[in-house]
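Colleague: show me how the following folds:
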Amino acid sequence: MSDHKISENKFLIVLAGPTAVGKTAVAIQLAQDLQCEIFSADSRQIYREMSIGTAKPNDDELMKVKHHFINHISIHQAYTVGHYVKEVNEKLEAYFEDQDIAILTGGTGMYINALLHGIDDFPDVDSATHKLIVGEYEEKGIEWLQQQVASVDPIYYNEVDVQNPRRLLRALEIYRMSGKPYSTFLKTKKY
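Modeller: Okay, here's the model as predicted:
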């Protein structure tokens, strides 16, 4: 996929669309016909505790064809698109050693796009830095946060929704962890 080397004779069929439009039934039929496995690209079905409103495959459907990344983790675990891409790439690499076709299906466009085209490579932010910056923001407010980001990364500041504290917090965290502006980590083209 994005940064992994997989032979040219391997195929990943992508079925994408909104929740409850029939992707699961199509994916299962296709997987049975092609004798392959299904890899989920759904940011809700991945959680064991989330079943209502997710159109998660039922037990009968899960038994018809092997599925990956359904009921994979707990909602109590921190899990990002970066974790997802790393795990799916590793699993697909191993899978494609013996198999030629896999199906990727789901409705989380961010997961699908990141898997197929790559993601920006940001440094990790430790919890102490995160807590410190959130504490400063809660004490000093959005104007302070806006000023901080504008001073360390004017390029990103001019592109971001400056009323969205979550995005501003992330930019400031990355700057404090790396000493580099958030915008320097953004890829201009991923494909």
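Colleague: and the closest residue to Asn9 other than its chain neighbours, what is it in contact with?
Modeller: Leaving aside its sequence neighbours, Asn9 sits nearest to Asp100 (C-beta to C-beta, 6 or more residues apart in numbering; 6.3 Å). Using the backbone N, CA and C atoms, a C-beta is placed for each residue, glycine as well. Applying C-beta atoms under 8 Å, 6 or more residues apart in numbering, we find Asp100 in contact with 9-11, 36.
Colleague: pLDDT of the helix or strand hosting Gly135, averaged?
Modeller: Element membership for Gly135 (DSSP states H and E) is helix 127-140. Averaged over helix 127-140, pLDDT sits at 95.
Colleague: list the buried residues for that helix?
Modeller: For helix 127-140, the buried set under the neighbour-count rule, 16 or more other C-beta atoms under 10 Å, comprises 133, 137.
Colleague: before we move on, the earlier item: gap between the residue nearest to Asn9 and Ala31?
Modeller: Separation of Asp100 from Ala31 (C-beta to C-beta, to the nearest Å): 13 Å.
Colleague: then Met177?
Modeller: The spacing between Met177 and Ala31, counted by C-beta to C-beta, is 42 Å.
Colleague: and Asp124, by the same measure?
Modeller: Taking C-beta to C-beta, one finds Asp124 at 36 Å from Ala31.
Colleague: need the helices for this structure, in chain order.
Modeller: Applying DSSP state H to the chain gives helices spanning 23-34, 59-64, 81-95, 109-117, 127-140, 142-152, 154-157, 165-178.
Colleague: and those helices as CSV, adding distance to Arg44?
Modeller: Below are these laid out as CSV (distance: least, C-beta to C-beta, whole Å):
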stretch, distance to Arg44
helix 23-34, 13
helix 59-64, 16
helix 81-95, 12
helix 109-117, 11
helix 127-140, 24
helix 142-152, 30
helix 154-157, 29
helix 165-178, 19
